[in-house]
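Trainee: Could you look at this predicted model? Sequence included:
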Amino acid sequence: MSAIPLTYDHTASERKPLVEVLHEWVTTVDHKRLGILYILYALTFLVFGGIEATIMRIQLIRPHNDFVSPEVFNRMFTMHGTTMIFFAAMPVLFGFANYLVPLMIGARDMAFPRLNAFSFWLSAFGGFLLYFSFLGGNGLYGAGNAPDVGWFAYAPLTSQTFSLGHSTDFWTLAVLLSGIGSVGTSINLIATIASMRCPGMTLGKMPLFPWLILVMSGVAILCISPLTAAQVMLLFDRYLGSHFFDTQAGGSAVIWMHFFWIFGHPEVYVLAIPAFAFASEIIPVFSRKAIFGYPVMVAATIAIGFISMSVWAHHMFTVGMTAAGNIFFVVSTMAIAVPTGIKIFNWLATMWGGKIQFRTPMLFCIGFLFQFLIAGLTGVMLAAAPFDWQLSNSYFVVAHFHYVIVGGILFTLFGAFYYWFPKMSGRMYNESLGKLHFWLFLIGFHLTFDFMHVPGLLGMPRRIYTYEPGRGWDVWNLIVTIGVAFQAAATIIFLANLLWSRWRGAEAGSDPWDAWTLEWSTASPPPAYNFATLPEVKSRRPLWDLKHPEDPDWHYE
Amino acid sequence: MSAISETVLILFAARPILAAVPLSPTNIFAPASTPAQTIQGLSLLVLAVTGAIFLTVFSLIFYAVVKFRDRSGRNSVEPAQIYGSTQIELAWTVIPVLIVVVLFLATVRVIAKVQNAQPPAGAVKVTVIGHQYWWEYRYENSKVVTANELHVPVSDPAHPAPTFLTLLSADTDHSFWVPRLAGKTDLIPNHPNSSWIDPQETGLFLGQCSQYCGVQHAKMLLRVYVDTRANFDRWLTEQSAPAVESDAVAEGRREFEATSCVNCHTIRGTAANGKFGPDLTHLMSRDTIAAGSVTNTPRNLRRWIDNPQTFKPGCLMPAMGLSASQLDAITAYMESLR
C-alpha cells in the first residue's frame, strides 16, 4: 500500500475569510472544484425540477382538478423537462466526469482547465437565463411568462405567431448556451483522456469509467451540434424573417423534429452511458470481483454510441414517414437493445460468484439493474412502430423514459453520490440514512412509475392539464401522485444526509471501500495537485495489484 | 426456485390491473377496427417475448443477489477473480440478435399491412383538419362540414366500408388518436398525412388530441360515432342540407349576423361564412360543444356563448360582452339549428 504516497494539503485547513473562499470558488480552474460546482448547481436544479413535477402531479391527482391553470401546467412540464435534462442531468454527470476522470487516469487536472471553467459558467448562465424567464418572459397567447412550448418545442408552436413575447427566446438561448458549454466540456474530456493518462495506462488498461466518458463525450459533440444549429435557425425564424420552421410561410415542422431528435435520442445515451460508467465501477467493488468481460463492455459502449446516432426518428413513428422509413428506424432501435442487453449480462456475471456487500451505493446499482431491464423492455415495445402508434405520446411513454432516467440514471447517480462522497468530502455518509433513502425512494419510484404505464395503455395522452372522468384513469393517477410524496421525502433525507455528513460524518480515509482505481490512492479529499507523484500502472486495477502482490491483475490481462 | 415463485406472485398481483382494463372506453387492448386489431396482435407478441426475457433475466439477477451476498464479514478472502469468457459473451450476443430478428420481421408485416392499405371503391373519405383545440371534418363529394363529432358507417367484414382520413392542420401540430379504432397519426401543417379505420361495431368511440398543441390541448377531445349504414346515410343527407330557417328566432339570427360571430363561424344558407371556428349549420345535431368537453345543453350553450373562457381558459373564442337579451336571442337561434 505504501508505493503511492498520500500527501495531505496542510495549508487547506487554515481558515480563510468567507470572501476569499468564495472568490477562490468563483475563479477556480481546478477540475475537482468545478466538478463540485457542477454537482451543486445540478442538485439545485434537480430540486426545482422536482417541485415542478410535484405541482403537475397534484394537478392530476383527480379528473377536472383546478390546482393550477392550464397555462401554469404547460409551463411546469416545459420547465420540468428542460430543467431536468439540460440543467440537472447533464451538469451532474459532467460534474462527476470532471471530478473523477483526471483522478482515475492519474492526471493532475483536465487538459484545458480554463475551458473547463468557461464551459461550466456558460452552462450555469443558461440555467439562470431559463429561470429568469419567470420574471422576464411572456408566453403563448393569453399565457404567462416561463416557456410553455414543451421541452422538445415542436414547430410551429415556437413561431412568433403562436408564441408571443420572449418566453421561447429564453428557452432557446438557455438551451443554446448549455449546449455550447456541454460541447466545451466534452472536448475537454476527450483531450484529457486521450493525452493525459499516467505512465503505463494504455487504452486497454484504462478503467471503464473514463472509457465510457470518452464515448459519451464523442456522442455529445455529435448530437449537440444539430441542436445548437436548430436553435440558431429558430432564432433566425423569430427575429430575422427566415422560414425554416415557419409553416405559414412554407417552412417545415418535420425538419425541426428531425433536428431535435437527432439530438434528443443520442442525448438519452449521453445521460445513460455515465450511469453505466458508475455501475461499472460500483458493482465490481461491492461484488469484490473484477468487471466481467472488460473488452466486451468497451465494445458494447462504442456500439451503443454509434447506433444511438441512427435511431432518432423512432420518436417520429406517428408523423407520417414512409413504411420504408419506419422500418429502418425499427431495426436500428431494436438493434441497440443488443449491446445494452450485453451490458446487463456482464454486470450480472460480475456479481455471479462474488461476495456482494449491500452498502448504499450497491443497493442503488442493484435497483438500477432491475429497473433498467424493465426500461429496456418497454423500449423494445415502443420500437415496434405499430405498437408505438398506440403508445407514442401517451403516459406509457412518459413512464418508459422516467424508468430510464429515474430508475436507471438517477439510481446509479445516487449510488455514485454515496460511493464518491467520502472521496470528495473526506467524510463518511450516514449508512442508515442512506439505506432509508434507498428504500423510500424505491417505494416512491415504483408507486409512481410502475402505475404510470397503465393510463397510457388506457389511452391517456401526455401533457394534458386535466382529464375527463370515466376513462378509467383516475385511480392510477392517484397512485402515481402518492408515490411522489415518498420520492420527495427520500430526496430530503438524501440532501440532509449529505449536508450533515459533510461536517459531522466520520473521517473516511483515503480508501474506505477497499477499491481498486487510482482515485482511492490519494487523500480524501484529494489535494489540488491530486497526486504527490504521478502514479504508474500495470493493469486496470492498480490498487488490486498493490494489495495483492502475489496475484496481480497484470498476470491475466 | 424462490425467484420464479416471486415473479409469479408479481404477475398475479398484476391481474387486477388487467381486469380493470376493459372498463376504459379508450383501452388500446379492446380494438374494434382492423388497424387497432392488427396492432394488438403485434403488441401481444412483443409483450410475450419481452415478458419471457423479463422473467428470465429478473430471476437470474434476483438469484445472484440472494445467492452471492457476502456472508463472511469484511475481512474475508476475496472471491475468485474471473475476467470474462468469450463463449458466454457470444451466447448472450447471438440470442438477443435472434430475438430482435423475429420481432423485427413481425413488425415489418404489420407496418406494411396498416400503412400500405389502399381505399376500396366504397370507402368513405373525410378530411380532418386540426385547429387549435377543435376538429373540423369535411366529407368528400358532399357539402357536409362538421366539427368534433365524426360520423362513420360500420364496416361489416363481408362488405367492408372503411373510412379513409386525410389529416391536415390549420395551425400547430395535433394528433388524431381513437385508441380502439387505430393508432395515432399526427396532423402537421404543410405535411398531409392519412389514416384509416373500419369499425366493426356501432357505437361511440372516444379519443383525444395526443400531440401538444397549445394551452387547451387537454380539451381537444375526439368522438367517433359509428352508425349503421342506413343511419349514416340519413345523417349525411341531413347534414348536407342548409340551415333551418325559422321566424321564431329571427331576432337571434340578426344578433348573430350583426356581431363578429360571423367572422369565425359558418351557418350554411346564411351570411355567416367564417372559417376559423366550427361550422354551426347543424349545431344541435351534436351531443357536445367545446370539442367534446361540454354537453350540448341550452344552459351550457348560453354560458359558453357568454364566456367560453370559463369552460376552456385559453381557447381562441373570446367573451363577446353580450347583454342578457342578446345572449337569450343568440342561444335560441343556436337551438334552432338542428
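Mentor: Yes, it's here. Numbering: from 1, shown residues only, chains lettered A, B, ... in the order given.
Trainee: For the closest residue to residue A:320 other than its chain neighbours, give me the backbone phi and psi.
Mentor: Spatial nearest neighbour of residue A:320, chain neighbours left out: residue B:193 (3.8 Å); criterion: CB to CB, 6 or more residues apart in numbering or on different chains. Glycine gets a C-beta too; all of them are placed from N, C-alpha and C. Backbone torsions for residue B:193, taken as degrees, to the nearest 10, come to phi -120, psi 170.
Trainee: low-confidence ranges in the chain?
Mentor: In the absence of a named chain, chain A is used. Within chain A, the stretches falling below the threshold (pLDDT under 70) are A:1-14, A:136-144.
Trainee: meant chain B, my bad for not saying
Mentor: Low-confidence regions of chain B, defined by pLDDT under 70, span residues B:1-22, B:73-75.
Trainee: Run through the helices of it in chain order.
Mentor: B:2-13, B:15-20, B:34-67, B:86-115, B:229-240, B:250-258, B:261-264, B:298-306, B:324-335 (DSSP state H).
Trainee: so which of those gets nearest residue A:425?
Mentor: Comparison of the helices of chain B against residue A:425 by CB to CB identifies helix B:34-67 as nearest, at 29.1 Å.
Trainee: For the closest one, could you pull out the residues that count as buried?
Mentor: Using 16 or more other CB atoms under 10 Å in any protein chain shown as the test for burial, helix B:34-67 gives B:34-36, B:38-40, B:42-43, B:45-46, B:49-50, B:53-55, B:57-65.
Trainee: how far away is the residue lying closest to residue B:162 once chain neighbours are set aside from residue B:31?
Mentor: Excluding the flanking residues, the one nearest residue B:162 by CB to CB, 6+ apart is residue B:198, at 3.8 Å. Here the distance between residue B:198 and residue B:31 works out to 11 Å (CB to CB, to the nearest Å).
Trainee: Of the helices of chain B, which is nearest residue A:248?
Mentor: Across the helices of chain B, residue A:248 has its closest neighbour in helix B:261-264 (18.1 Å, CB to CB).
Trainee: what's in contact with that closest one?
Mentor: Residues outside helix B:261-264 that contact it (CB atoms under 8 Å, 6 or more residues apart in numbering or on different chains): B:256, B:271-277, B:317, B:320, B:330.
Trainee: still on that earlier bit, and residue B:198 and residue B:31? which has more neighbours close in?
Mentor: Set residue B:198 next to residue B:31 and count neighbours by other CB atoms under 10 Å in any protein chain shown: residue B:198 wins out with 28 against 22.
Trainee: that older thread, give me the subset of the buried residues of helix B:34-67 touching chain A.
Mentor: With CB under 8 Å from any CB of the partner chain as the criterion, the members of these in contact with chain A are B:36, B:38-39, B:42-43, B:46, B:50, B:53-54, B:57-58, B:60-61, B:64-65.
Trainee: CA atoms only: put stretch B:212-221 into PDB for me.
Mentor: Extracted as PDB, the C-alpha positions of stretch B:212-221 are listed here (Å, rounded to 0.1, in the frame of the first residue of the first chain):
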ATOM      1  CA  TYR B 212     -49.300  19.100 -27.500                       C
ATOM      2  CA  CYS B 213     -50.900  21.900 -29.500                       C
ATOM      3  CA  GLY B 214     -51.200  24.800 -27.000                       C
ATOM      4  CA  VAL B 215     -53.000  26.000 -23.900                       C
ATOM      5  CA  GLN B 216     -56.100  23.800 -24.300                       C
ATOM      6  CA  HIS B 217     -54.500  20.700 -25.700                       C
ATOM      7  CA  ALA B 218     -56.200  18.700 -22.900                       C
ATOM      8  CA  LYS B 219     -59.700  19.700 -24.000                       C
ATOM      9  CA  MET B 220     -59.500  18.800 -27.700                       C
ATOM     10  CA  LEU B 221     -61.500  15.600 -27.400                       C
END
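Trainee: Show me what counts as buried in that stretch.
Mentor: Of the residues in stretch B:212-221, those buried by neighbour count under the rule 16+ other CB under 10 Å are B:212-221.
Trainee: So it, near chain A or not?
Mentor: Yes - looking at stretch B:212-221 against chain A by CB under 8 Å from any CB, the contacts come from B:212-219, B:221.
Trainee: for the residues you listed, which one is nearest chain A?
Mentor: residue B:218 (3.5 Å; CB to the nearest CB).
Trainee: For the residue nearest to the spatial centre of chain B, which non-adjacent residue is spatially closest?
Mentor: The geometric centre of chain B, computed from its C-alpha atoms, lies nearest to residue B:177 (CA atoms, centre = their mean), at 2.1 Å. Taking CB to CB, 6+ apart as the measure, residue B:177 lies nearest to residue B:184, with 3.5 Å between them; neighbours along the chain are not counted.
Trainee: Residue A:318 is in contact with the one you found, correct?
Mentor: Yes - using CB atoms under 8 Å, residue B:184 is in contact with residue A:318, at 5.2 Å.
Trainee: tell me, what's touching the two both at once?
Mentor: Shared between the contact lists of residue B:184 and residue A:318 (criterion: CB under 8 Å, 6+ apart) are residues A:389, A:392-393, B:175.
Trainee: got JSON lines for these, with distance to residue A:20, secondary structure and neighbour count too?
Mentor: Rendered in JSON lines, the data for those read as follows (distance: CB to CB, whole Å; DSSP: H, G, I helix; E, B strand; the rest coil; neighbours: other CB atoms under 10 Å in any protein chain shown):
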{"residue": "A:389", "distance to residue A:20": "61", "secondary structure": "helix", "neighbour count": "26"}
{"residue": "A:392", "distance to residue A:20": "55", "secondary structure": "coil", "neighbour count": "27"}
{"residue": "A:393", "distance to residue A:20": "52", "secondary structure": "coil", "neighbour count": "22"}
{"residue": "B:175", "distance to residue A:20": "57", "secondary structure": "strand", "neighbour count": "28"}
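Trainee: Dump these to TSV, plus distance to residue B:307.
Mentor: Supplementary listing: these in TSV, determined by distance: CB to CB, whole Å:
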residue	distance to residue B:307
A:389	38
A:392	35
A:393	31
B:175	29
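Trainee: Please report how far residue A:194 lies from chain B.
Mentor: According to CB to the nearest CB, to the nearest Å, residue A:194 stands 25 Å off from chain B.
Trainee: residues in contact with that residue?
Mentor: For residue A:194, counting by CB under 8 Å, 6+ apart, the contacting residues are residue A:214.
Trainee: Regarding it, what is its secondary structure?
Mentor: Counting by DSSP: H, G, I helix; E, B strand; the rest coil, the backbone at residue A:194 sits in helix.
Trainee: Roughly how far does it sit from residue A:105?
Mentor: Following CB to CB, the distance that separates residue A:194 from residue A:105 is 10 Å.
Trainee: now swap in residue B:243 and tell me
Mentor: Here the criterion is CB to CB. By it, residue B:243 lies 78 Å from residue A:105.
Trainee: Kindly report the same for residue A:489.
Mentor: The value you get for residue A:489 to residue A:105, if CB to CB is used, is 39 Å.
Trainee: do the same with residue A:406
Mentor: For residue A:406, the distance to residue A:105 (CB to CB) stands at 30 Å.
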